[in-house]
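Asks: can't give you the sequence, but here's the structure:
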């Protein structure tokens, strides 16, 4: 067991940084959030759902269970001149890297080797030479995948936190899978606590479905003990839980499916059908409304006489969940109303506001903050002057 890794988390869903440049990410022109520690802290949920799962057998169909034994190889390497050719391309170079691998020779008559200055002495004669060759050395351990199984709601980012039993499994390594979500945050591994968390984003919405991360473990015991591979939900951990999002703080309800590893017994050589957990509902959502009469109580309607400008408000009417950003898109009948202006109300630290984007009969805009707002705070956000064309 290695010492705990440093906890280095970037606010992946609050900011995308490429080459040192800050990139707008909420989907609002001109909106730029600043970097802060933490994960997805927003609380605006979409109505439809996506889903993520742990695949107990890397690649292929998603499997809910797997039995692993210490004779269950998952890959092999070559040893050339006492050096390991990890990718078996016939050459040893900087591409041949592998951390914390458990090695065993394929032939029963060679049961151990020596390591000298990072090189393998196959014949154990005290030196590493061209005589130290061995083909098809087996690697022991296993890979699991983190998979987006349902991306029917377009999303721009995801984060995952998988929990395992550190008394049964030992963490070995992690790799991001090449996907449209190519901007990835810092990997966070807590081996004593038994968690691995990470996440990735993209600059435009995607419906990608498939593996997003691969994690390597090996069994510490062979007595039939089991370990759940549990995707911690956003309800269980509102900051770092597993979720997809369409923008900073704009969570998409994301159902999760766990897996189970059994250490010891007959190995599982093929994929087996998955069992989906009962979805965990997200908290009660926040709410927004149009106030037909600017200021005071929210009014659903009003009568305007004449063509003088009048104001309406876009209001956060219910905020039981703290939030880091809000955005709106308002539509009206262009034959009756003409747009004049948008004036965001800079309250509760939501001071990072975009420029209003105006169409023939629509306007949208939004504001963000460096820390969560809300907590039962309701307030007008955008007074919108309108001029009536007819009365």
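Replies: That came in fine, so what should we check first? Given the structure is predicted, the values throughout are model-derived calculations rather than measurements.

Asks: could you say what helices and strands the helix or strand residue 67 falls within packs with?
Replies: Assigned by DSSP states H and E, residue 67 belongs to strand 65-68. Under the contact criterion of 3 or more CB pairs under 8 Å, 6 or more residues apart in numbering; DSSP states H and E, strand 65-68 touches strand 142-150, strand 259-263. Any C-beta I mention is one placed from the backbone N, CA and C, and that applies to glycine too.

Asks: report the buried residues of stretch 316-334.
Replies: 316, 318-319, 321-328, 330, 332 (16 or more other CB atoms under 10 Å).

Asks: end to end, how far does that stretch reach?
Replies: Terminal residues of stretch 316-334 are spaced 25 Å apart (CA to CA, to the nearest Å).

Asks: so for it, what's the average pLDDT?
Replies: Mean pLDDT, stretch 316-334: 80.

Asks: just to revisit the earlier point, closest one to residue 58 out of the buried residues of stretch 316-334, please.
Replies: In terms of CB to CB, no member of the buried residues of stretch 316-334 lies closer to residue 58 than residue 324, at 34.4 Å.

Asks: distance of the closest one from residue 254?
Replies: 18 Å (CB to CB, to the nearest Å).

Asks: just residue 285 next, same as before
Replies: To residue 254, residue 285 is 14 Å away according to CB to CB.

Asks: beta-bridge partners for residue 250, please?
Replies: residue 44, residue 247 (DSSP bridges).

Asks: pretty sure it is touching residue 326, no?
Replies: No - in this structure, residue 250 is not within contact of residue 326 by CB atoms under 8 Å, at 9.1 Å.

Asks: rewinding a little: so which of the helices and strands packed on strand 65-68 comes closest to residue 298?
Replies: Nearest of the helices and strands packed on strand 65-68 (CB to CB): strand 142-150, 35.3 Å.

Asks: tilt between the closest one and strand 259-263?
Replies: Calculated by axes from the mean of the first three to the mean of the last three CA atoms, to 10 degrees, strand 142-150 forms an angle of 170 degrees with strand 259-263.

Asks: now do strand 142-150, average pLDDT.
Replies: On average, strand 142-150 scores 93.

Asks: element containing residue 223?
Replies: Going by DSSP H and E, residue 223 is not part of any helix or strand.

Asks: neighbours of it, just the number please.
Replies: Neighbour count for residue 223, taken as other CB atoms under 10 Å: 9.

Asks: domain assignment for this structure?
Replies: The chain breaks down into these domains under automatic domain parsing: 16-68+142-263, 73-140, 287-388.

Asks: please identify the deepest-packed of those.
Replies: Counting by mean count of other CB atoms under 10 Å, domain 16-68+142-263 has the highest mean neighbour count of the domains of the chain, with a mean of 20.

Asks: and the residue lying closest to residue 163 once chain neighbours are set aside, what's its pLDDT?
Replies: Ranked by CB to CB, 6 or more residues apart in numbering and with sequence neighbours excluded, the top spatial neighbour of residue 163 is residue 230, at 4.5 Å. As predicted, residue 230 sits at a pLDDT of 97.

Asks: double-check residue 187 against residue 171; I have them as touching.
Replies: No - in this structure residue 187 lies outside contact range of residue 171 using CB under 8 Å: 10.7 Å.

Asks: list the residues that contact both of the two?
Replies: residue 196 (CB atoms under 8 Å, 6 or more residues apart in numbering).
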